[in-house]
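[1] Test case, fold it:
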Amino acid sequence: MVPTMSKMQKIKGFADLFPPESTVFTHMETVAREVFGAYGCQEVRIPILERTELFARSIGEETDVVQKEMYTFADRKGRSLTLRPEATAGVLRASIERGLSDGVTKLFTFGPMFRYERPQKGRMRQFHQLDVEVLGAHAPQADAEVILMLWTFLERLGIGGLRLELNSLGCPACRPAFHESLRAFLAQIPAEALCEDCQRRKDTNPLRVLDCKVPGCREATQQAPQIPEHLCPECSAHFARVRAMVEAAGVPYTLNPRLVRGLDYYQRTTFEVLSGDIGAQSAVAGGGRYDGLIQALGGPPTPGIGFACGMERLALLVPPQAPAPMDFYLAVLEEGALDTALVLGQQLRRHGFCGETAFEARSPKSHLRQANKLGVKTCLLLGAEEMARGVIVLKDMATGAQTTVAQDDLAQALGLRTA
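    Okay, here's the model as predicted:
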């Protein structure tokens, strides 16, 4: 007796994407290539697996991502490897390794990322991001262009009801004074008023306390010092010019002095785009400037700024995408016509048509049901009589009209019909 095998199931927090969900992802990738390409960005592809040290050095040892969420393991040689939890570090590692060119480099990539989080709407353990990085530009114009690029992309996707939030985190010259002010404030808060993570963060990385989403922590830190009040003149002027250019482009925004993002490498401009239509996980995209990160990863002193979009969250907001209609369905009525039908279908595709060819002979009624299901423009019927005469029948699925043409003239007939 053959034993019954248990059914294999996907891992919690990981998803299978079939149409129509996969169609939305493909649409987002297509629009991303068009929009990012219009700004001069070039597509790169990077590994999903990196040395753990890359993320510890870039994201920050005290971040929740590194402390709790990374998929890390030792390989057979004992090296600590991690499935990428975000894309920026990998893009920069690859750029350094390849050799950063003089001037400005604009790159984008997309693909799966991995974080061990509690799965919920719009948040999975394997999730997908669209990522843009602009390297080599200190100017506030670069910050503004990156923000406008993100906004243009979201507009092209047809997403409404979004809001943009901006902040500046200062630079290594002005941030230490803010850190000291924040530490002094946090030291006065009773330990029981903060969550366990924030009790640790207030000494090791106080900026992270402002990023905490626990209601009690947010209430306890409501009167915390604000970063914009501690900006040096250079950072203040930089941020003012970024805001002025975003305003001049007609993009509405609000200032959020608590916007610090979840990764340690950000400085100066930070930004997020949020939606009120996807529940608690409201951020759909965000990013900021990271001028010291490339040097921290072993590269030359190079400024950088970028953003990432969570594709699962965007997919909840993108209007449904109607599948592109196929040009033909080639219906085979007799067994002896199967081979000819396959060849005719291949010839049509070489002419730029898209469609399906039946793999078995069935009745015209059965084939027409399939043609309707596929939503094709034209059903092609090929039986014994058509084979003998070297012709094929074209049935317009919208009007029901039928014509008969020579098999050699099929592509021309379809072209005239769909022109």
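[2] any low-confidence regions in the stretch 201-350 of the chain?
    261-264, 278-281 (pLDDT under 70).
[3] Helices along that one, start to end?
    For the stretch 201-350 of the chain, the helices defined by DSSP state H, counting those that start in this stretch cover 215-220, 233-248, 293-296, 311-315, 338-350.
[4] Minimum distance to residue 33: which of those helices has it?
    Residue 33 lies closest to helix 311-315 among the helices of the stretch 201-350 of the chain, at 13.8 Å (CB to CB). To be clear about C-beta, it is placed using only N, CA and C from the backbone, and glycine gets the same treatment.
[5] thinking again about what came up before, out of the helices of the stretch 201-350 of the chain, which one sits most buried?
    Of all the helices of the stretch 201-350 of the chain, helix 311-315 has the most neighbours on average by mean count of other CB atoms under 10 Å, namely a mean of 22.
[6] Could I get the helices of the stretch 201-350 of the chain in CSV, plus columns for distance to residue 49?
    Listed next are the helices of the stretch 201-350 of the chain as CSV, based on distance: least, CB to CB, whole Å:
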stretch, distance to residue 49
helix 215-220, 34
helix 233-248, 35
helix 293-296, 20
helix 311-315, 20
helix 338-350, 37
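[7] and of those helices, who's closest to residue 168?
    Nearest to residue 168 among the helices of the stretch 201-350 of the chain is helix 233-248 (4.0 Å), distances taken as CB to CB.
[8] picking up where we left off before, please name whichever of the helices of the stretch 201-350 of the chain is nearest to residue 19.
    Across those (criterion: CB to CB), the nearest stretch is helix 311-315, sitting at 12.6 Å.
[9] I'd like to know which elements the closest one is packed against.
    Judged by 3 or more CB pairs under 8 Å, 6 or more residues apart in numbering; DSSP states H and E, helix 311-315 is in contact with helix 21-38, strand 126-135, strand 283-289.
[10] Which residues does it contact?
    Contacts to helix 311-315, defined as CB atoms under 8 Å, 6 or more residues apart in numbering, come from residues 15, 21, 24-25, 28, 110, 122-124, 127-130, 154, 157, 159, 275, 278, 281, 283-285.
[11] 10 Å - rerun?
    With contacts defined as CB atoms under 10 Å, 6 or more residues apart in numbering, helix 311-315 is touched by 15, 17, 21-22, 24-25, 27-29, 32, 110-113, 121-124, 126-130, 153-154, 157, 159, 273, 275, 278-279, 281-285, 318.
[12] Likewise for stretch 189-199?
    62, 64, 67-68, 186, 200-202, 206, 208-217, 219-221, 224.
[13] Just give me how far that stretch sits from the chain centre.
    Per CA atoms, centre = their mean, to the nearest Å, the displacement of stretch 189-199 from the mean C-alpha position of its chain is 34 Å.
[14] just stretch 201-209 next, same as before
    The answer for stretch 201-209 is 29 Å, by CA atoms, centre = their mean.
[15] Ok, stretch 68-87 next?
    How far stretch 68-87 lies from its chain's middle: 22 Å, per CA atoms, centre = their mean.
[16] swap in stretch 294-311?
    Here stretch 294-311 shows a centroid-to-chain-centroid distance of 17 Å under the convention CA atoms, centre = their mean.
[17] Any buried residues in it, and which?
    By 16 or more other CB atoms under 10 Å, the buried positions in stretch 294-311 come out as 294, 297, 299, 302-311.
[18] Next step: these restricted to strands.
    Of those, the ones assigned to strands by DSSP state E are 304-310.
[19] So which of the helices of the stretch 201-350 of the chain is nearest residue 144?
    Closest approach to residue 144 among these is made by helix 233-248 (3.7 Å; CB to CB).
[20] Can you spell out which helices and strands pack onto that closest one?
    Helix 233-248 makes packing contacts with helix 140-156, strand 162-168, strand 267-275 when contacts are defined by 3 or more CB pairs under 10 Å, 6 or more residues apart in numbering; DSSP states H and E.
[21] which of the residues in the longest one are buried?
    Right, helix 140-156. Residues 140, 142-154 are the ones in helix 140-156 that count as buried (16+ other CB under 10 Å).
[22] Reformat the helices and strands packed on helix 233-248 into CSV and put distance to residue 333 next to each item.
    Formatted as CSV, these follow (distance: least, CB to CB, whole Å):
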stretch, distance to residue 333
helix 140-156, 45
strand 162-168, 53
strand 267-275, 52
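[23] Go through those and name the closest to residue 50.
    Closest of those to residue 50 is strand 267-275, at 22.7 Å (criterion: CB to CB).
[24] In its sheet, which strands sit next to the closest one, and in what direction?
    strand 162-168 (antiparallel), strand 283-289 (antiparallel) (DSSP bridges).
[25] dump the residue contacts of the nearest residue to residue 386 once chain neighbours are set aside.
    Distances taken as CB to CB, 6 or more residues apart in numbering put residue 392 closest to residue 386, at 5.4 Å, once the chain neighbours are dropped. Shown in contact with residue 392 (CB under 10 Å, 6+ apart): 330-331, 337, 340-341, 344, 380-383, 386, 403-410, 413.
[26] Look up how far residue 374 lies from residue 392.
    For residue 392, the distance to residue 374 (CB to CB, to the nearest Å) stands at 18 Å.
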